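*Asks:* Model the following, please.
(2 chains)
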Number of protein chains: 2
Amino acid sequence: MEGNEAADPSPALVTDVFARACTSRAAFEDVTSRWSSLVLLALAEGPHRFGELRRRVEGVSERMLAQALRGLERDGLLTRDVAGTIPPRVDYALTPLGTRVAEGLRGLADVLEGAVPEIDRARLDYDAR
Amino acid sequence: MEGNEAADPSPALVTDVFARACTSRAAFEDVTSRWSSLVLLALAEGPHRFGELRRRVEGVSERMLAQALRGLERDGLLTRDVAGTIPPRVDYALTPLGTRVAEGLRGLADVLEGAVPEIDRARLDYDAR
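*Replies:* Take a look at the predicted model:
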């Protein structure tokens, strides 16, 4: 505003996971998507090669795994390290940001793994109504 | 095994979010699914009515919201409280388990909201390759 000397020249960065236009909403959707979330959980246990990830994440197809890995690499959550061997060896590993995200997902998985009897009971009750 | 007196009569419950047959895997997929995760985040702020949730979770349709609410109720993560007013007033609120799950998701959202500049930079770098 003219004459308002208190105006901040750099607009504050407001991020909101509920806002469709916010990068954090898109990133939240990426990391919680079906296969990406399980890939992050697997990589929380250490670097993996493609085939190792495919075995660890039960049910993922080659195409879906490749797509999840590309999305996570694009968001800066994992690195793809190609060793100059023959054949080339490719390792996927979490970045520091990816590690923080994966820790959050692991906490969530721990809660759910510990609540299986409670969830099973709730489902039986709901389905019996 | 016959003659093995040390055998535990109740098999140990092993839960694993990576295993397709485990309840925790299905529950993990439920709570991380596109709309359910945002509904849980909204309810972490307090009970909401249907219309309030619809406004809070930008972009959700009535049908998708109803489906997410049913799934979360079935898993025992939220309660649906119908007040006997005319018209009836329906409030959705988290159960104690739902609160723990929502706290995990909120932690994840906080990490991502705080990492927006880093994620934006990673995406620009990736797309420029």
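*Asks:* can we go C-alpha only for contacts and neighbour counts from here?
*Replies:* OK.
*Asks:* what about the longest helix that chain A contains and chain B, any contact?
*Replies:* In chain A, ranked by residue count with DSSP state H as the criterion, the top helix is helix A:96-114. Yes. Using Cα under 8 Å from any Cα of the partner chain, we find that helix A:96-114 touches chain B at A:97, A:100-101, A:104-105, A:107-109, A:111-114.
*Asks:* Next, name the residue at the spatial heart of chain A.
*Replies:* A:Val31 (2.7 Å; Cα atoms, centre = their mean).
*Asks:* re earlier: starting at the chain centroid, how far to the longest helix of chain A?
*Replies:* 9 Å (Cα atoms, centre = their mean, to the nearest Å).
*Asks:* which of the residues in it are buried?
*Replies:* Buried residues in helix A:96-114, counted by 16 or more other Cα atoms under 10 Å in any protein chain shown: A:97-113.
*Asks:* out of the residues of helix A:96-114 next to chain B, who's nearest B:Asp125?
*Replies:* A:Leu97 (15.9 Å; Cα to Cα).
*Asks:* on that earlier part again, which secondary structure elements does the longest helix of chain A sit against?
*Replies:* helix A:34-43, helix B:23-31, helix B:96-114 (3 or more Cα pairs under 8 Å, 6 or more residues apart in numbering or on different chains; DSSP states H and E).
*Asks:* what angle do it and helix A:23-31 make?
*Replies:* Helix A:96-114 runs at 60 degrees relative to helix A:23-31, counting by axes from the mean of the first three to the mean of the last three Cα atoms, to 10 degrees.
*Asks:* For helix A:96-114, give me every contacting residue.
*Replies:* A:31, A:37, A:40-41, A:43-44, A:76-78, B:15-17, B:24, B:27-28, B:100-101, B:104-105, B:107-108, B:111-112, B:115 (Cα atoms under 8 Å, 6 or more residues apart in numbering or on different chains).
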